[in-house]
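Undergrad: Sequence plus the predicted model coming up.
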Amino acid sequence: MKKSAMKKILVIGSTVADIIIELDRLPVTAEDVHVKSQSMSLGGCAHNVADMLRHFDVPFTLFSPVGTGLYADFVRKELTVKGMESPISVPDRANGCCYCFVEASGERTFVVDHGAEYLFEKEWFDRLDPSEYSAAYICGLEIEEKTGSTIVDFLERSGLPVFFAPGPRLNLIDPALMDRIFALHPVLHLNRDEICSYTGCPEVEDAAKTLFVQTKNTVIITKGADGACFFPSEKDSETDSGIACVPPFPVSHVEDTIGAGDGHCGAVMACLARGLSLSEALTAANAVSAKIVSVKGALLSQDEFDEAISSIPTVLR
């Protein structure tokens with residue numbers, strides 16, 4: 001499918017300056033530890049998803065506020081280099097940043113200073129024409145914020161299909177707001193810990209069934225080294241009932257896990273937009289996320305992306 005023949009995907013959320021701090025392990029209270037390295041990279045859930053759409057040559061709008069200050073200057077400069085400028089400029093509010101502490105195991109811990117990049121105004125959405133888009137993406141971090149209902153208001157008006165990746169803050173979102181989002185019948189994208197914690201179900205299949213009852217749409221669950229699964233909606237024809245699983249791609253070394261879930265979600269959306277089946281989309285997403293955890297930070301270079309999908313010809317058709 002040619003890029004020009006596709007409608008765009010609307011990616012709503014944050015673009016963040018990630019400050020990546022590598023250390024052997026997280027310190028305990030009052031301890032003094034040394035870092036192994038420190039660097040700054042472009043991140044944020046929405047940006048990471050949009051960057052994956054860019055790699056797959058799927059058109060999108062990154063609807064992400066950029067404010068003022070050191071971190072906003074960095075974000076604006078890096079987006080310009082990629083040709084991914086956001087239409088939202090916030091002249092009276094500073095951007096925050098995300099401190100990404102990466103331990104020797106590759107596991108990451110985030111400490112986030114939320115700024116302009118997480119807050120949305122109603123007037124901004126008036127600039128959008130929903131007919132230009134095939135779907136919208138949202139993350140839980142922005143929904144949790146005080147302006148989260150503004151995003152949901154727009155989605156309710158727009159009628160757009162929604163991909164919702166609520167993330168680890170899922171349990172902190174206002175239940176009334178979650179009910180409104182579930183009423184939009186979103187495709188849910190969560191990891192194993194998130195879905196089991198939210199539903200209280202120890203088994204992934206039971207947790208997926210629980211959320212499917214609420215959303216009446218596909219539930220996608222990433223399982224790290226165990227690949228990914230999906231519980232099908234009535235529109236899925238790949239399996240009649242139960243949960244379907246897609247195997248992982250091998251990872252010889254885990255550098256860090258920053259952005260792996262975002263990249264996986266972006267790859268699923270991109271592949272579905274290109275006409276692939278859900279299982280094909282998850283296969284490609286598993287390959288991409290395996291590559292992301294093997295490199296530093298949330299993003300892949302073009303060469304790294306090409307290497308990740310080189311063994312999956314269906315992605316390129």
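TA: Yes, it's here. All values reported here derive from a predicted model rather than from experimental measurement.

Undergrad: just for the stretch 201-317 of the chain, where's the confidence low?
TA: Where the stretch 201-317 of the chain drops to pLDDT under 70, the residues are 233-241, 313-317.

Undergrad: Can you show me the strands along it?
TA: 219-222, 228-231, 244-246 (DSSP state E, counting those that start in this stretch).

Undergrad: Let me have those strands in CSV, adding mean neighbour count as columns.
TA: (Glycine included, C-beta is placed from N, CA and C.) As requested, the strands of the stretch 201-317 of the chain are exported to CSV (neighbours: other CB atoms under 10 Å):
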stretch, mean neighbour count
strand 219-222, 26
strand 228-231, 24
strand 244-246, 17
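
Undergrad: Which residue comes closest to G140 once chain neighbours are left out?
TA: Nearest residue to G140 in three dimensions, chain neighbours excluded: P166, at 3.5 Å (CB to CB, 6 or more residues apart in numbering).

Undergrad: Any idea how many residues pack against the one you found?
TA: Residue crowding around P166 was assessed by other CB atoms under 10 Å; the count is 24.

Undergrad: list the contacts for T150?
TA: 120-122, 125 (CB atoms under 8 Å, 6 or more residues apart in numbering).

Undergrad: can you map out the helices along the stretch 51-200 of the chain?
TA: 70-82, 122-125, 140-144, 148-158, 175-182, 192-199 (DSSP state H, counting those that start in this stretch).

Undergrad: between those, which one is nearest to I88?
TA: helix 122-125 (5.5 Å; CB to CB).

Undergrad: which helices and strands does that closest one pack with?
TA: Under the contact definition 3 or more CB pairs under 8 Å, 6 or more residues apart in numbering; DSSP states H and E, helix 122-125 sits against helix 148-158.

Undergrad: Could you find the closest non-adjacent residue to the residue nearest the centre of the chain?
TA: Computing the C-alpha centroid of the chain and ranking residues by CA atoms, centre = their mean puts D262 first, at 3.0 Å. In space, and not counting its chain neighbours, D262 is closest to N48: 3.5 Å by CB to CB, 6+ apart.

Undergrad: what helix or strand is that neighbour on?
TA: helix 45-55 (DSSP states H and E).

Undergrad: send the alpha carbons of that helix over as PDB?
TA: Extracted C-alpha coordinates of helix 45-55, given in PDB (Å, rounded to 0.1, in the frame of the first residue of the first chain):
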ATOM      1  CA  CYS A  45       5.200   7.400  24.600                       C
ATOM      2  CA  ALA A  46       3.500   9.300  21.800                       C
ATOM      3  CA  HIS A  47       6.800  10.200  20.200                       C
ATOM      4  CA  ASN A  48       8.100   6.700  20.400                       C
ATOM      5  CA  VAL A  49       4.900   5.400  18.700                       C
ATOM      6  CA  ALA A  50       5.100   8.100  16.000                       C
ATOM      7  CA  ASP A  51       8.700   7.300  15.300                       C
ATOM      8  CA  MET A  52       7.800   3.700  14.700                       C
ATOM      9  CA  LEU A  53       5.100   4.800  12.300                       C
ATOM     10  CA  ARG A  54       7.700   6.900  10.500                       C
ATOM     11  CA  HIS A  55       9.900   3.800  10.100                       C
END
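
Undergrad: Would you reformat the helices of the stretch 51-200 of the chain as TSV and include mean pLDDT and distance to F101?
TA: What follows is those, written out as TSV (pLDDT from 0 to 100; distance: least, CB to CB, whole Å):
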stretch	mean pLDDT	distance to F101
helix 70-82	95	17
helix 122-125	96	32
helix 140-144	94	18
helix 148-158	98	26
helix 175-182	96	29
helix 192-199	95	18
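
Undergrad: and among those, the most buried is which?
TA: helix 140-144 (a mean of 24; mean count of other CB atoms under 10 Å).

Undergrad: Could you name the helices and strands sitting against that helix?
TA: Looks like helix 140-144 contacts helix 148-158 (3+ CB pairs under 8 Å, 6+ apart).
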